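>>> Everything below, folded, please.
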Amino acid sequence: MAFNYSAEVARDTDSYAVVVLNLSNTTEPTRLASDSVISINYSLTNMIVLATALAVLIIFTVLGNLLVCVALFRYRALRTISNCLIGNLAASDFLLAVTVLPFSAANECLGYWSFGRAACSVWLVVDVLCCTASIWNLCIIAADRYTATVHPVWYRDRSSARLRALAYIGLVWAVSIAVCLPPLFGWNNEENFREMMDKTTGLTYYECAPFRTPSYVLYSALVSFFIPFFVTVALYIRIGVALHRRHVSRRDRRRTNKPKGSSTVAMMCRVGNDLCTAATAAVVIDRADLDEEDISPSPSPTPSLSPTPGNMAGI
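Below you'll find the model as predicted:
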């Protein structure tokens, strides 16, 4: 693998940086006019700023998805069906950030492909694989939530939970492989790694173009995007309808269990009236007890045993 680098500023214009960069898997340098490669898309300053921003984005993507995978691997209690599907989504995004995004960033910043023909083919295939897996993971997560909402009893059966998770994950990667492999077996009529010429500068460079065969593009678009997209939207609509029906059913059940009344205000008034009546009755009863104590006859005096003048006379 050859690595050659040099830099100079073009004499005719200050808007481009001329860079020689050969990272191909062959020892032959990239064929360009005057043996130099120009950053076609951006000036040197803008290219550095863009490369820094893309590098930060890639690093955060790698670290975020890696933390999700480590958490699932480290803590066994988190390995539910839904969390395993989220972990599978994180794994596909992690693979995308490690194997695809760095080459995409370099291709965008430089404006040309400098990694050779073999790397171009692998990059395109892995790009389709990871993107398809990410989209189908979102679709499978929606299907899992729909099952948990509509069939909760069957969903909580732990005996088949592990098997369902493995089936979901296997389905995602099987569909992704079925989408990305056909170009390697002949379903591609155009050359992806090809030589191009910049009309403004006259420099020649290599481009790694995506797959452009019409039949494969239609197949890839349907299976990788449109089918999982519409399935996901339909599932979430069904989830919303099911939750709305469940809410209405609970509300009607609560209404039937409430006391008869036209409204909550009428029920509150009735309760307040009952409380006032009970309080008035208690006051009347207490007053009646006091009145009875006032009119009750006084007890007769007990005869005194002390001697009186009359008693003494009798004696």
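
>>> where exactly do the strands run in the stretch 101-250 of the chain?
Secondary structure of the stretch 101-250 of the chain, counting by DSSP state E, counting those that start in this stretch: strands at 193-197, 204-208.

>>> looking at those, which has the lowest confidence?
Mean pLDDT values for the strands of the stretch 101-250 of the chain show the minimum at strand 193-197, a mean of 80.

>>> Just the buried positions in it, please.
Phe193 (16 or more other C-beta atoms under 10 Å). Using the backbone N, CA and C atoms, a C-beta is placed for each residue, glycine as well.

>>> how many degrees apart are that strand and strand 204-208 in direction?
140 degrees (axes from the mean of the first three to the mean of the last three C-alpha atoms, to 10 degrees).

>>> so what strands line up beside strand 193-197?
Paired strands of strand 193-197, with direction, are strand 204-208 (antiparallel) (DSSP bridges).

>>> Enumerate the positions of the partner strand that are buried.
So strand 204-208, judged by 16+ other C-beta under 10 Å, has buried residues 205-206, 208.

>>> just stretch 64-84 next, same as before
For stretch 64-84, by 16+ other C-beta under 10 Å, it's 65-66, 68, 72, 81, 83-84.

>>> Buried residues in the top helix by length along the chain, which are they?
For the chain, the longest helix by residue count, based on DSSP state H, is helix 117-150. Using 16+ other C-beta under 10 Å as the test for burial, helix 117-150 gives 117, 119-147, 149.

>>> Packing partners of that helix?
helix 81-99, helix 101-110, helix 152-155, helix 161-180, strand 193-197, strand 204-208, helix 227-257 (3 or more C-beta pairs under 8 Å, 6 or more residues apart in numbering; DSSP states H and E).

>>> Just the angle for that helix relative to helix 101-110, thanks.
120 degrees.

>>> The chain should start at 24 in everything you say after this.
Okay, using 24 as the starting number, the last item reads as helix 140-173.

>>> so helix 140-173 versus helix 250-280, what angle?
Using the same axes, to 10 degrees: helix 140-173 against helix 250-280 is 20 degrees.

>>> And the average pLDDT for helix 140-173 is what?
93.

>>> Could you check how far Ala156 is from Arg278?
Distance, Ala156 to Arg278, using C-beta to C-beta, to the nearest Å: 48 Å.

>>> ugh, wrong one, Leu161
For Leu161 relative to Arg278 (C-beta to C-beta), the value is 38 Å.

>>> Could you do Ser62 as well?
Distance from Ser62 to Arg278, by C-beta to C-beta: 70 Å.

>>> Ok, Leu112 next?
Taking C-beta to C-beta, one finds Leu112 at 42 Å from Arg278.

>>> Those two: who's more crowded?
Leu112 (21 against 8; other C-beta atoms under 10 Å).

>>> so who does His270 touch?
His270 makes no contacts at all, as judged by C-beta atoms under 8 Å, 6 or more residues apart in numbering.

>>> where does the stretch 24-173 of the chain dip in pLDDT?
24-61 (pLDDT under 70).

>>> wait, which of the helices and strands packed on helix 140-173 is closest to Trp210?
Nearest to Trp210 among the helices and strands packed on helix 140-173 is helix 184-203; the distance by C-beta to C-beta comes to 10.8 Å.

>>> can you list contacts of that closest one?
103-104, 107-108, 111, 115, 148-149, 151-153, 155-156, 159-160, 163, 166-167, 242-243, 246-247.

>>> How about Ala120, nearest residue that isn't a chain neighbour?
Thr84 (4.1 Å; C-beta to C-beta, 6 or more residues apart in numbering).

>>> what's the answer for Trp146, then?
Closest to Trp146 by C-beta to C-beta, 6+ apart is Phe126, at 5.2 Å.

>>> And for Pro251?
With C-beta to C-beta, 6+ apart, the residue lying closest to Pro251 is Cys162, at 3.9 Å.

>>> check contacts around the residue nearest to Val254 when sequence neighbours are not counted.
Spatial nearest neighbour of Val254, chain neighbours left out: Cys162 (5.4 Å); criterion: C-beta to C-beta, 6+ apart. Going by C-beta under 8 Å, 6+ apart, Cys162 touches 251-252, 254-255, 258.
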